[in-house]
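Chemist: okay, predicted coordinates and the sequence, questions at the end:
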Number of protein chains: 2
Amino acid sequence: MTSKENQLDILIENGTVLTMNKECSVIKNGAVAIKNDKILAVGSKDELADMKAVKTIDAKNGLIMPGLINTHTHAAMTLFRGMADDLPLMAWLNEHIFPAEAKLNAEKVYTGSTLACAEMIMSGTTCFCDMYLYEDQVACAAKNAGVRAVTGEVLFDFSSPAYGPIEKGFEYTRMLAEKWKNDPLIRIAVEPHSPYLCSADLLKKANEMAHEMDLLLVIHVSETKDEVAKSIATHGITPVALLAETGVLSPRLLACHCVVLSENDISLLKQYDVKVAHNPESNMKLASGIAPIPLLLEKGIGIGLGTDGCSSNNDLDMFMEMDTAAKLHKVNDHDPTVMDAKTTLKMCTIEGAKALGISDLTGSIEPGKQADVIIINTRKPHLTPMYNPMSHLVYAVRGSDVDTSVINGRVVMENRELTTIDLEKIMADARQCVEAFI
Amino acid sequence: MTSKENQLDILIENGTVLTMNKECSVIKNGAVAIKNDKILAVGSKDELADMKAVKTIDAKNGLIMPGLINTHTHAAMTLFRGMADDLPLMAWLNEHIFPAEAKLNAEKVYTGSTLACAEMIMSGTTCFCDMYLYEDQVACAAKNAGVRAVTGEVLFDFSSPAYGPIEKGFEYTRMLAEKWKNDPLIRIAVEPHSPYLCSADLLKKANEMAHEMDLLLVIHVSETKDEVAKSIATHGITPVALLAETGVLSPRLLACHCVVLSENDISLLKQYDVKVAHNPESNMKLASGIAPIPLLLEKGIGIGLGTDGCSSNNDLDMFMEMDTAAKLHKVNDHDPTVMDAKTTLKMCTIEGAKALGISDLTGSIEPGKQADVIIINTRKPHLTPMYNPMSHLVYAVRGSDVDTSVINGRVVMENRELTTIDLEKIMADARQCVEAFI
């Protein structure tokens, strides 16, 4: 292993490795070997002792794990963080969010998305699924930041400030898919907003495009009681049943929220192997309700975790989201054994990857996968002592405990210093944007 | 103001001051002047321009606010953090917590409490109310760490590993109260565990001692449905009604948890001006239930926030507790306007101080109060942009964003470096303790 071509690029050592592989193997005093953009080997320090690397990263007795996957967000909404809280849903939307969004443009979306990438890297997220306006800018921001992303332009029945009439939305999505099809970090999705903002025609066309181009299909569905009541009043059936009738339920559909579900809805999600993006903090803050996640898990439905946008959360910290999710379902189900630490961790790693259709690429530390790896510094009072790494990751670790992040084999943060983003500049740019919104 | 005796000790400047005074005044470009252990002045930078200080602290455009108050914890349980999660309540207690507690001693309690003080300082808490064993050690740990504390030995009907039979518990409490009565940081409380572990006699004696010695009385009450059902089965009335009948409800009683309350219970709490310590994360993790906090607030009952111990949370971060509390009650009440940021912030500051009977000393930044002040660094991506400081403090700031902490006029942390605790040593000591428990 001494010839140059056999030399590793990165060896991460001196930490406990949580692989999140099928067995959820945990390797004490483990190491991860990275060659180019891929994981070459994972094992004990001894097993990897002969490997020589250009760069060795010391995990300082901390935790080494796959980067976290945020299955649902609107990255550029970082610009609206804290602009309007504690308000009724319609006042929040109509008086604050919609007027502010009307003032967005491609440049501001790039700024907000880059700020989001900085926050995500600094809190351990290495991959996110986005739905918003000007998504080419989101893809560019993610690409430049070195973050893995599934991005898709939001489609609805009315005219978009970004692309105009809906036909242009499909053209734009097709353009995105063509432009980014060979990119190692970016995947494009087809993203109709919701059953209530999209006609059956739009939904069918979106679904056809997703199948034709082999893309993920992403939609908001059954987020609030009101949405479900209106669907029943208008169509006689629930939003999920309406999607079934329209023919868009399939394994490539990511249904975001799924807070208000009937028994029949759950059967349909299971029958068509639809994936669910669960956003507990946003659902709590907007008082939307609590998705029946333990029940969906029991049925074997695939679930990823997400933060939703920063105006309803108000951050992108997936460690916090795990903590809240695990606790919320315990109290809601009157059962402290549901959503245990391992189940919750899987939702942010391998199950998140499956939800986005990219579990061949990421979501676990296994040889052959892309190298998306984070290191958590556990030499802190709130992480001392440590009986169980999984417990710490869900109930005690915060995003700020992530020291180092590698995405697709590239170090994007080391010892909390970003290598791909000028942090002071992007924060200044974001503050500048605010002047347009207030 | 140039003669030495008029010189300030500390001037904190260049930040937005959230006073948490009666009007919740917010002062942009504000400053706080500290002389000895007290706040001398608070105002705009211009108003305090003539003041000269031995030490000037630059808040770097961040937020300056009163230190947070944790109204209910068991500090030394940091040693059991993550030892047992995701378990049924009784298995958790009987198979893990009680056996581990049987192995505690004074030295271990000092270690666990000092570790807790490190974690609390590093997450912005400047005052905590503790209930546990070997509380003289907790008081010593807090004193040495420079943290304000209300501490009290837990009293119950059976023999304590710390003091033996219950008479000795009262003697020990009296000794503590005498020993610490003139201390600037430590107050002693009388702390019967709960109506289910304490006889009416014990409760009456504890209440008499609290009144006689002018001490806070602290108790766990109505934490679970099971507790309430058993009380009704045994006594024919709820735990709160039982406390009323025993004669221990009064303004000096801090009732921790209050998850399961009847209408009559709420009327009694209001009638006797009892204060409540709300511990949402612990109640969620143990699946105990959700305390009806918005209803208690509506009735005008005083409420402080607490983390409870680290084995049911698993951290002491009051910023996280605020975030969770605000979101939990919104979703539970189906109303995004309840537990707004200001209400939530008050629970961790001035209302927390009132709950502990020390609002003359702390809980707000006002001239004449003891100088318990923290500075939050907002130059971070997850705190950018900033429309509303209160929103950020509840929904986006984490304990790790606290840069500097002053307690009773003493800088206990500056730029995240602790000045009173040897962090590496206390973490090593805590790791050492663990060997006894596993």
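Modeler: Structure's in. What do you need? This structure is a prediction, so every number in the text was calculated from the model and none was measured.
Chemist: quick one: name the residues of the stretch 151-300 of chain A near chain B.
Modeler: A:281, A:283-290 (Cβ under 8 Å from any Cβ of the partner chain). Heads up, the C-betas are built off the backbone N, CA and C, glycines and all.
Chemist: just those: which are in helices?
Modeler: Those of those mapping onto helices are A:281, A:283-285, per DSSP state H.
Chemist: for chain A, which spans come out with low pLDDT?
Modeler: Chain A contains residues with pLDDT under 70 at A:1-6.
Chemist: can you list the domain ranges for it.
Modeler: Domain assignment for chain A, taken from automatic domain parsing, gives A:4-66+A:364-416, A:68-355.
Chemist: from the ones in helices among the residues of the stretch 151-300 of chain A next to chain B, pick the one nearest chain B.
Modeler: A:M284 (3.7 Å; Cβ to the nearest Cβ).
Chemist: the closest one: neighbour count?
Modeler: Residues near A:M284, counting by other Cβ atoms under 10 Å in any protein chain shown, number 25.
Chemist: what sits against it?
Modeler: A:290, A:324, A:328, B:327-328, B:330-331 (Cβ atoms under 8 Å, 6 or more residues apart in numbering or on different chains).
Chemist: just the closest of those to B:T238, please.
Modeler: Using Cβ to Cβ, B:L328 is the member of these that lies nearest B:T238, at 23.1 Å.
Chemist: surely the closest one meets B:N279?
Modeler: No. Counting by Cβ atoms under 8 Å, B:L328 does not reach B:N279; the two are 11.3 Å apart.
Chemist: more neighbours, those two?
Modeler: Legend: neighbour count by other Cβ under 10 Å for B:L328 and B:N279, higher for B:N279 (32 against 24).
Chemist: is A:S250 in a helix, a strand, or coil?
Modeler: coil (DSSP: H, G, I helix; E, B strand; the rest coil).
Chemist: now it. Nearest residue, chain neighbours left out?
Modeler: Of all residues not flanking A:S250 in the chain, A:Y272 sits nearest, at 5.6 Å (Cβ to Cβ, 6 or more residues apart in numbering or on different chains).
Chemist: what's the burial count for that neighbour?
Modeler: Neighbours of A:Y272 using other Cβ under 10 Å come to 18.
Chemist: wait, it sits on A:P251?
Modeler: Yes. Shown here, A:Y272 and A:P251 form a contact pair, counting by Cβ under 8 Å, at 7.0 Å.
Chemist: now the helices for the stretch 101-250 of chain A?
Modeler: Secondary structure of the stretch 101-250 of chain A by DSSP state H, counting those that start in this stretch: the helices cover A:106-122, A:135-145, A:166-180, A:200-212, A:225-235, A:239-246.
Chemist: mind checking how far the residue nearest the centre of chain A is from chain B?
Modeler: Chain A has A:N70 as the residue nearest its centroid, 1.5 Å off, counting by Cα atoms, centre = their mean. According to Cβ to the nearest Cβ, to the nearest Å, A:N70 and chain B sit 13 Å apart.
Chemist: then A:G409?
Modeler: Counting by Cβ to the nearest Cβ, the gap from A:G409 to chain B is 24 Å.
Chemist: which one is that residue nearest to, not counting chain neighbours?
Modeler: Nearest non-adjacent residue to A:G409 (Cβ to Cβ, 6+ apart): A:D37, at 3.8 Å.
Chemist: this completes my enquiry, with thanks.
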